[in-house]
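Trainee: Have a look at this fold, sequence not included:
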């Protein structure tokens with residue numbers, strides 16, 4: 001008898017994997033999706049028109065009386081609702097397949113197992129990566145002892161967070177972080193590979209929120225395991241299984257292949273799984289894994305033995321997660337619940353918190369006795385800030401009602417957000433800022449600190465150091481023009497905004513850990529042989545270390561005398577060669593130099609610069625977007641990117657070992673380098689910031705560069721200094 005499915009939840013795992021799998025199996029007509037937003041989901045996904053969508057909360061649906069119709073319930077809700085939903089589904093006499101993790105506590109798992117036993121119903125766990133062809137193949141090779149006993153295992157999964165959760169509940173404290181999300185897959189798989197795991201050492205980066213990066217050392221008998229995961233770093237994703245007679249490697253990017261290297265061999269072999277699933281028509285990747293998992297679920301219901309995960313498996317992984325989370329330091333503000341607004345602490349709101357500078361500001365604020373609110377349009381960019389005790393407020397800066405709700409109760413607003421995608425990004429930069437400032441004045445906010453850019457001044461030659469008295473001469477196309485227009489309006493509005501203070505900061509080239517245009521981009525270009533010096537790198541770089549900029553923002557919010565003013569924030573000026581050389585020299589020693597005219601005349605046949613790299617850079621760094629759009633060969637592509645948004649940004653290619661390839665391939669540098677790392681010799685003055693804000697750069701250039709280089713090494717962007725020295 002064909003099984004009928006009820007899927008509780010309508011998030012990405014449902015629309016991207018479960019429903020496509022059921023369609024390939026010809027089972028959509030037997031499926032009901034229950035979600036409060038089910039009607040909108042059905043409109044967004046017309047390919048699933050045969051599915052019955054119920055716009056309803058899962059609890060009310062499960063408590064409805066059923067007319068003797070037994071179904072299979074798939075629980076695909078945020079982690080914190082799994083225990084409750086599974087309990088209710090079992091109570092309704094359904095067999096249950098729960099998405100991982102079943103629970104984060106062993107007690108919850110054991111209680112659910114007992115409840116399933118009392119109801120005589122099957123409870124299985126959706127550990128779908130068990131069914132990845134590459135992982136099944138690696139497990140079979142290990143089980144066959146083809147390369148001898150396993151001695152050690154290295155699991156490394158550090159890739160940008162590309163998953164698109166539909167709800168901000170994904171980052172709730174109760175849901176756990178990357179360990180509960182991705183780590184549970186690896187812990188489960190390793191358990192099937194080498195047996196019961198025992199924890200040794202655990203550390204993560206949670207600072208009052210959910211972790212985004214971690215390192216977990218475990219053992220299984222004599223096998224040592226090093227597990228490293230990150231949602232915010234970019235140094236590759238692979239599993240290395242070191243055996244007595246060779247090594248197996250599984251790269252996350254290739255879901256149907258294992259690379260094997262026998263001891264003493266310098267020629268790795270690639271082995272593919274020819275028919276990993278019951279139906280050869282199913283794709284040999286993660287999508288096919290869901291098909292096979294569902295088939296095994298149905299077979300288990302019929303009493304057959306399968307490899308699908310059960311509650312005992314879930315209990316073992318939950319115990320490992322419980323132990324890990326108990327190791328966190330009690331010195332961090334982990335007891336602070338983001339969902340609870342403290343009446344005793346002033347509230348601070350940060351817009352644009354998901355960006356490079358915003359993340360550093362949120363980290364600084366987390367050390368102060370304040371309640372932090374941050375606005376975000378989508379959950380997918382929140383992995384970094386979710387590490388801190390923040391309240392994430394869904395918001396659209398062009399929706400005044402949304403802006404008012406976000407600002408309500410705030411004492412200080414730091415406005416960092418700007419338009420960086422869509423057809424009219426200038427609307428967010430200009431109109432969004434207007435909405436933030438007007439709502440702040442209405443709400444009686446004490447101070448609004450607005451982040452602008454030095455680009456509003458341009459690079460006027462022969463007039464001495466640029467200071468705040470210089471007229472607007474926007475540089476960088478749309479970005480500079482929209483920032484200048486925004487500033488003009490804000491300074492005018494500040495004349496009648498009291499008691500709300502308004503302060504504008506104009507930082508120069510901001511760099512540091514997590515940075516893009518002036519931190520990671522030059523390295524990525526150099527790695528591919530696409531970086532060059534402009535006029536031997538003799539142009540002046542006016543630079544600001546990100547932590548020094550955060551100092552200025554905090555001081556600006558505390559200085560009433562700063563009201564109605566703008567302040568240039570600049571640590572100093574050095575040549576581009578002095579500024580970028582310490583990192584570029586680690587990648588390549590023979591960097592060419594061109595004048596802007598020479599660079600423009602270089603032949604550019606066959607797509608010398610990877611468009612996906614450019615789009616990723618433009619979507620994360622406004623300076624690059626601005627200057628790249630002036631390049632004739634990029635304008636059409638940029639128009640396309642505005643329609644597609646962030647979907648076309650991809651991680652940089654990685655070698656099989658997981659590290660980025662250090663051998664640059666000679667290509668032609670992009671023409672817009674002449675604008676981004678230009679040959680201008682203009683200096684920017686910080687006298688006003690010194691006098692009024694009492695701001696001085698706390699971190700000197702040498703220290704800032706050292707900390708940035710260390711971050712680049714740790715995240716796989718640069719080879720370690722010891723390796724570089726040997727070379």
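Mentor: Now that the structure is in, tell me what you want to look at. Nothing here was measured: the structure is a model prediction, and the numbers come from that model.

Trainee: so which helix or strand takes in the residue nearest to residue 59 when sequence neighbours are not counted?
Mentor: Excluding the flanking residues, the one nearest residue 59 by Cβ to Cβ, 6 or more residues apart in numbering is residue 88, at 6.6 Å. The C-beta positions use only the backbone N, C-alpha and C, and glycine is treated the same way. Element membership of residue 88 [criterion: DSSP states H and E] is helix 82-91.

Trainee: Beyond that helix, next helix or strand please.
Mentor: Downstream of helix 82-91, the next assigned helix or strand under DSSP H and E is strand 95-99.

Trainee: for the residue nearest the centre of the chain, what are its contacts?
Mentor: Among the residues of the chain, the one closest to the centroid is residue 161, at 3.4 Å (Cα atoms, centre = their mean). Under the criterion of Cβ atoms under 8 Å, 6 or more residues apart in numbering, the contact list for residue 161 reads 212, 231-232, 380-381, 383.

Trainee: Considering those, which possesses the most neighbours?
Mentor: In terms of neighbour count, residue 231 stands highest of those at 26 neighbours, by other Cβ atoms under 10 Å.

Trainee: who's in contact with that one?
Mentor: Residue 231 makes contact with 159-161, 177-178, 212-213, 383, according to Cβ under 8 Å, 6+ apart.

Trainee: Now do it against residue 15, distance only.
Mentor: Going from residue 231 to residue 15 by Cβ to Cβ, to the nearest Å gives 21 Å.

Trainee: can you check residue 534 too?
Mentor: 46 Å.

Trainee: Looking at the two, which is more packed in?
Mentor: residue 534 (23 against 19).

Trainee: pretty sure the more buried one is touching residue 576, no?
Mentor: Yes. Between residue 534 and residue 576 there is a contact at 7.2 Å, judged by Cβ atoms under 8 Å.

Trainee: which residues are common contacts for those two?
Mentor: By Cβ under 8 Å, 6+ apart, the residues touching both residue 534 and residue 576 are residue 677.

Trainee: Could you list the low-confidence segments of this structure?
Mentor: In the predicted model of the chain, residues 1, 67-70, 329-343, 420-423, 605-666, 721-727 satisfy pLDDT under 70.

Trainee: can you pull out the strands in the stretch 51-200 of the chain?
Mentor: For the stretch 51-200 of the chain, the strands defined by DSSP state E, counting those that start in this stretch cover 52-55, 72-75, 95-99, 123-126, 150-158, 198-204.

Trainee: Tell me the strands beside whichever helix or strand comes after the last one, with direction?
Mentor: Secondary structure here is assigned by DSSP H and E; on that basis, the next helix or strand after strand 198-204 toward the C-terminus is strand 213-220. Sheet pairing for strand 213-220, assigned by DSSP bridges, gives strand 198-204 (antiparallel), strand 223-230 (antiparallel).

Trainee: List the buried residues in strand 213-220.
Mentor: 213-214, 216, 218, 220 (16 or more other Cβ atoms under 10 Å).

Trainee: quick revisit: just give me the closest of the contacts of residue 161 to residue 130.
Mentor: The nearest member of those to residue 130, counting by Cβ to Cβ, is residue 231 at 21.8 Å.

Trainee: Could you check how far that closest one is from residue 382?
Mentor: Residue 231 is 10 Å from residue 382, by Cβ to Cβ.

Trainee: Also residue 547?
Mentor: In terms of Cβ to Cβ, residue 547 sits 22 Å off from residue 382.

Trainee: Could you do residue 673 as well?
Mentor: Counting by Cβ to Cβ, the separation of residue 673 from residue 382 is 32 Å.

Trainee: for residue 443, same thing?
Mentor: 24 Å.

Trainee: More neighbours: those two, which one.
Mentor: A side-by-side neighbour count of residue 443 and residue 382, using other Cβ under 10 Å, places residue 382 first with 25 against 18.

Trainee: wait, the more buried one sits on residue 375?
Mentor: No. Look at residue 382 against residue 375 with Cβ under 8 Å: they stay out of range, at 10.6 Å.

Trainee: nearest to residue 484, of the strands of the stretch 51-200 of the chain?
Mentor: Of all the strands of the stretch 51-200 of the chain, it is strand 150-158 that lies closest to residue 484, at 38.7 Å by Cβ to Cβ.

Trainee: What's the first helix or strand after the closest one?
Mentor: On the C-terminal side of strand 150-158, the closest following helix or strand by DSSP H and E is helix 178.

Trainee: what's in contact with that next one?
Mentor: Here helix 178 has contacts from 204, 210-214, 229-231, 383, using Cβ under 8 Å, 6+ apart.

Trainee: swap the cut-off to 6 Å and go again
Mentor: Defining contact as Cβ atoms under 6 Å, 6 or more residues apart in numbering, one finds that helix 178 is touched by 211-212, 229, 231.

Trainee: got it, and stretch 444-451?
Mentor: Outside stretch 444-451, the residues that touch it by Cβ under 6 Å, 6+ apart are 410-416, 437, 440, 490, 500-505, 553, 556-557.

Trainee: Now intersect these with the strands, please.
Mentor: Judged by DSSP state E, these include 410-415, 501-505 as members of strands.

Trainee: As TSV, those residues with distance to residue 146 and neighbour count would be great.
Mentor: Shown next, in TSV, are these (distance: Cβ to Cβ, whole Å; neighbours: other Cβ atoms under 10 Å):
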residue	distance to residue 146	neighbour count
410	62	23
411	64	17
412	62	23
413	61	28
414	57	29
415	60	25
501	70	23
502	69	26
503	66	27
504	65	24
505	61	26
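
Trainee: Specify the local secondary structure of residue 270.
Mentor: What DSSP: H, G, I helix; E, B strand; the rest coil gives for residue 270 is strand.

Trainee: For it, give its distance to residue 262.
Mentor: From residue 270 over to residue 262 the distance is 13 Å, taken as Cβ to Cβ.

Trainee: for residue 589, same thing?
Mentor: Plainly put, residue 589 is 35 Å away from residue 262 if you go by Cβ to Cβ.

Trainee: Which one of these two is surrounded by more residues?
Mentor: residue 262 (15 against 8).

Trainee: For the nearest residue to that one once chain neighbours are set aside, grab phi and psi.
Mentor: Nearest residue to residue 262 in three dimensions, chain neighbours excluded: residue 246, at 4.2 Å (Cβ to Cβ, 6+ apart). Torsion angles at residue 246 (phi, psi; degrees, to the nearest 10) stand at phi 160, psi -180.

Trainee: neighbours of residue 246, just the number please.
Mentor: Other residues near residue 246 come to 19 when the count uses other Cβ under 10 Å.

Trainee: Would you mind confirming that it is in contact with residue 259?
Mentor: No. Checked against Cβ atoms under 6 Å, the pair residue 246 and residue 259 is beyond contact range at 10.5 Å.

Trainee: Kindly provide the distance from residue 14 to residue 165.
Mentor: 12 Å.

Trainee: ugh, typo on my part, it should be residue 714
Mentor: 26 Å.

Trainee: what does residue 274 give?
Mentor: 34 Å.

Trainee: Burial check on the nearest residue to residue 432 once chain neighbours are set aside, number of neighbours?
Mentor: Nearest non-adjacent residue to residue 432, counting by Cβ to Cβ, 6+ apart: residue 397, 3.2 Å away. Neighbours of residue 397 under the rule other Cβ under 10 Å: 26.

Trainee: For residue 28, give me its contacts.
Mentor: 22, 50-51.

Trainee: Just send these back as JSON lines, with distance to residue 602 and neighbour count too.
Mentor: Output for these, formatted as JSON lines (distance: Cβ to Cβ, whole Å; neighbours: other Cβ under 10 Å):
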{"residue": "22", "distance to residue 602": "52", "neighbour count": "24"}
{"residue": "50", "distance to residue 602": "55", "neighbour count": "14"}
{"residue": "51", "distance to residue 602": "53", "neighbour count": "25"}
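
Trainee: Nearest to residue 142 among those residues?
Mentor: residue 22 (31.8 Å).

Trainee: list the helices and strands the host helix or strand of that closest one packs on?
Mentor: Assigned by DSSP H and E, residue 22 belongs to helix 19-24. Applying 3 or more Cβ pairs under 6 Å, 6 or more residues apart in numbering; DSSP states H and E, one finds that helix 19-24 makes contact with helix 286-301.
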